[in-house]
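>>> Model the structure of this input:
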Amino acid sequence: MSYCEKCGQYIDDNSRFCQNCGAENPGYNAAPAYQAPVYQAPAVEEPKSGLNVMAIVAIALAGSGIVGLIFAIIALKNAKSGNFRTSLKPLAVAALIISIVMLVFWTVYIIVLGVGSCALANSGYNFDFDF
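Have a look, this model is predicted:
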């Protein structure tokens with residue numbers, strides 16, 4: 001509620017001009033006719049704070065064969081589904097490959113060792129060591 005400075009007549013705050021004399025209302029609060037909606041960016045999922053520890057464990061145990069293979073498969077699943085700070089998918093793939101190679105190596109080694117020991121046992125050679 002204000003009064004015109006020129007004629008003293010009452011002026012509504014929503015009126016820009018005085019209805020009596022036409023003078024401009026200094027207390028006029030101009031509200032925007034249209035206000036554009038405020039843009040809100042879609043929420044981005046923050047990366048998980050930890051590392052894919054399974055990939056590191058898998059590469060450490062890759063030489064053991066089957067244990068490394070199990071950890072490598074788990075690490076690869078975590079790397080595909082997770083959103084980690086650093087991508088350890090290449091490390092998980094490397095652990096998987098090394099584990100498969102080592103699994104084949106240990107399988108062949110055990111077979112060769114088993115066949116060799118059976119051959120020596122059946123050869124009739126005396127393994128008695130008398131000191």
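>>> looking at it, residue 72 is touching residue 95, isn't it?
Yes. Between residue 72 and residue 95 there is a contact under Cβ atoms under 8 Å: 4.0 Å. C-beta: built from backbone N, CA, C; applies to glycine.
>>> Which strands or helices does whichever helix in the chain runs longest pack on?
Taking DSSP state H as the criterion, the chain has its longest helix at helix 89-121. For helix 89-121, the packing partners by 3 or more Cβ pairs under 8 Å, 6 or more residues apart in numbering; DSSP states H and E come out as helix 53-60, helix 66-81.
>>> could you dump those to a markdown table with mean pLDDT, mean neighbour count and distance to residue 89?
Output for the helices and strands packed on helix 89-121, formatted as a markdown table (pLDDT from 0 to 100; neighbours: other Cβ atoms under 10 Å; distance: least, Cβ to Cβ, whole Å):
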| stretch | mean pLDDT | mean neighbour count | distance to residue 89 |
| --- | --- | --- | --- |
| helix 53-60 | 81 | 20 | 8 |
| helix 66-81 | 82 | 18 | 4 |
